[in-house]
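Colleague: Build me a model:
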Amino acid sequence: MNSKIILLFLLSNFCAFSQKFDSKYIQFELSTPFKANTHRGEINSDGSKNEYMFIPDGLSAKIGYGIHYEETISIGLHSGIDWKINEKLVVVPIFLNSRLNLEVGNGAIALQFGWGKASAIGKGDVFGTYKRFNLGLQNDDGIAIFADLSLYNFTVNDEKGFGTISLGISKIIF
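Modeller: Modelled structure (predicted):
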C-alpha cells in the first residue's frame, strides 16, 4: 500500500511540473547556396571584369519545431525546400536537428547538426540521406546569421552525392 501512495505522490509531482514546463521552439530559415564562379576573370558584355569568386545558386527555406532546455540545447524535427539552379534540382529534406547555443557577450554561437532523409522532386524515385552542419551567430532576439553545409547522398545527373554551402538568416522563437 505504501508503495502505491509513494508512486501516486511522485506521478502527481511530475504532472504538475510538466504543466509549467514550456520548452517548445519554432525556427525559420532562409538561405542561398553558392557555387564557384567558372567565368571569373572574364570580361562581361558591359566591359567590366567578372571578379566574383562565388555566385548564388538557388534558394533554401526551412522550418522546424522541437523542444529545448534553457534555450541552450534543443532537438527538433525540421523540413524545407532546397532549390539548386545549376543542377536543375529541387530537394525536400526531412531531418532531426540538434542545436547547441554557446553564450558569448550579448549573443550566442549556434552550432547545429541535422540528419535525415531527402527526396528530389521531379527526378523519379530519388531518395537518400541528408546531413547538415550549421554555424551561426545569434543575437538576443533569436535572429542568427549562419553558414551551412548540406550533404545529399543520392545520385542526380550521374553524380553520386553532392553538397551545398549556403549563407543565410534564421529566426528562432522559444
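Colleague: Now tell me which helix or strand of this structure has the poorest mean pLDDT.
Modeller: Every helix and strand of the chain was ranked by mean pLDDT, DSSP states H and E. The lowest is helix 2-20, at a mean of 55.
Colleague: following that one, which helix or strand comes up?
Modeller: strand 24-36 (DSSP states H and E).
Colleague: Tell me which other helices or strands that next one touches.
Modeller: In terms of contacts (3 or more Cβ pairs under 8 Å, 6 or more residues apart in numbering; DSSP states H and E), strand 24-36 is packed against strand 54-56, strand 58-69, strand 73-84, strand 143-156, strand 159-173. In short, each C-beta sits where N, CA and C put it, glycine included.
Colleague: That strand - which strands sit beside it in the sheet, and in what orientation?
Modeller: strand 54-56 (antiparallel), strand 58-69 (antiparallel), strand 159-173 (antiparallel) (DSSP bridges).
Colleague: Can you add mean neighbour count, mean pLDDT and distance to residue 136 and give these back as JSON lines?
Modeller: Output for the strands paired with strand 24-36, formatted as JSON lines (neighbours: other Cβ atoms under 10 Å; pLDDT from 0 to 100; distance: least, Cβ to Cβ, whole Å):
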{"stretch": "strand 54-56", "mean neighbour count": "14", "mean pLDDT": "92", "distance to residue 136": "19"}
{"stretch": "strand 58-69", "mean neighbour count": "17", "mean pLDDT": "96", "distance to residue 136": "13"}
{"stretch": "strand 159-173", "mean neighbour count": "16", "mean pLDDT": "92", "distance to residue 136": "7"}
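Colleague: and residue 37, what does it touch?
Modeller: Counting by Cβ atoms under 8 Å, 6 or more residues apart in numbering, residue 37 makes contact with 50, 52, 53, 54, 55.
Colleague: go with 10 Å
Modeller: Contact analysis of residue 37 by Cβ atoms under 10 Å, 6 or more residues apart in numbering lists 50, 51, 52, 53, 54, 55.
Colleague: Please, which helix or strand holds the closest residue to residue 154 other than its chain neighbours?
Modeller: For residue 154, ignoring the flanking residues on the chain, the nearest one in space by Cβ to Cβ, 6 or more residues apart in numbering is residue 128 at 2.9 Å. Secondary structure from DSSP H and E places residue 128 in strand 127-138.
Colleague: Dump that strand to CSV, restricted to CA.
Modeller: Extracted in CSV, the C-alpha atoms of strand 127-138 (Å, rounded to 0.1, in the frame of the first residue of the first chain):
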residue,chain,number,x,y,z
PHE,A,127,15.9,9.4,-52.1
GLY,A,128,18.9,9.5,-49.9
THR,A,129,20.4,10.5,-46.7
TYR,A,130,20.8,14.2,-45.7
LYS,A,131,23.4,15.7,-43.4
ARG,A,132,23.6,19.3,-42.3
PHE,A,133,26.3,21.2,-40.4
ASN,A,134,25.5,24.8,-39.4
LEU,A,135,27.4,27.5,-37.6
GLY,A,136,25.9,30.9,-36.8
LEU,A,137,26.0,34.0,-34.7
GLN,A,138,22.7,34.7,-32.8
